[in-house]
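Trainee: Would you be able to build a 3D model of this:
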Amino acid sequence: LGQGHTMAVGAAIAEKFLKERFGEWMSHDIYTFISDGGIQEEISQGAGRIAGYLGLNNLIMFYDSNDIQLSTTTDEVTVEDTAKKYEAWGWAVMTIDGNNADEIRKALEAAKAETEKPFLIIGKTIMGKGAVA
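Mentor: Numbers count the residues shown, from 1 in each chain. Purely as a prediction, here's the structure:
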């Protein structure tokens, strides 16, 4: 848990390096998908701070926030405000209904339009919504 954060930040840094060295044709965005358990890990905190400090505007992170971690509900172990935490680190943050395709599209458009900061989309979701029992 948390390794996805660091790998995504590393990929975003590498993209910036390649673009600077080889030109605009190397330009692309890094998309990553994270979850409640991973966002609680200390390694993800360091990666988040670095991404904000470096202004990695090529990094778009979707946080599947369903309030469930590996062994319990998240409120059993933390009560922090993730949006405020990432904003304090220099990220642009948007909270949406993560089960709504139209809201996801709008958030991705906003993320693509951001030119200065990494972008965190907090998708509040219901685990297994729509699954047939």
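Trainee: Find the centremost residue of the protein, please.
Mentor: M61 (2.4 Å; CA atoms, centre = their mean).
Trainee: Please identify which helix or strand holds it.
Mentor: If you go by DSSP states H and E, M61 is part of strand 59-65.
Trainee: where along the protein do the strands fall?
Mentor: With DSSP state E as the criterion, the chain has strands at 30-35, 59-65, 92-97, 119-124.
Trainee: Tell me which of those sits nearest to G130.
Mentor: Among these, the nearest to G130 by CB to CB is strand 92-97 (13.3 Å). In this view, the C-beta of every residue, glycine as well, is placed from N, C-alpha and C.
Trainee: Can you check what angle separates that closest one from strand 59-65?
Mentor: 40 degrees (axes from the mean of the first three to the mean of the last three CA atoms, to 10 degrees).
Trainee: Just checking: what are the partner strands of strand 92-97?
Mentor: Strand 92-97 has its sheet partners listed here by DSSP bridges as strand 119-124 (parallel).
Trainee: Show me the contact partners of the partner strand.
Mentor: With contacts defined as CB atoms under 8 Å, 6 or more residues apart in numbering, strand 119-124 is touched by 57, 59-66, 82-83, 86, 91-99, 104, 107-108, 110-111.
Trainee: The same query, at a cut-off of 6 Å, please.
Mentor: 60-65, 83, 86, 91-96, 98, 107, 111 (CB atoms under 6 Å, 6 or more residues apart in numbering).
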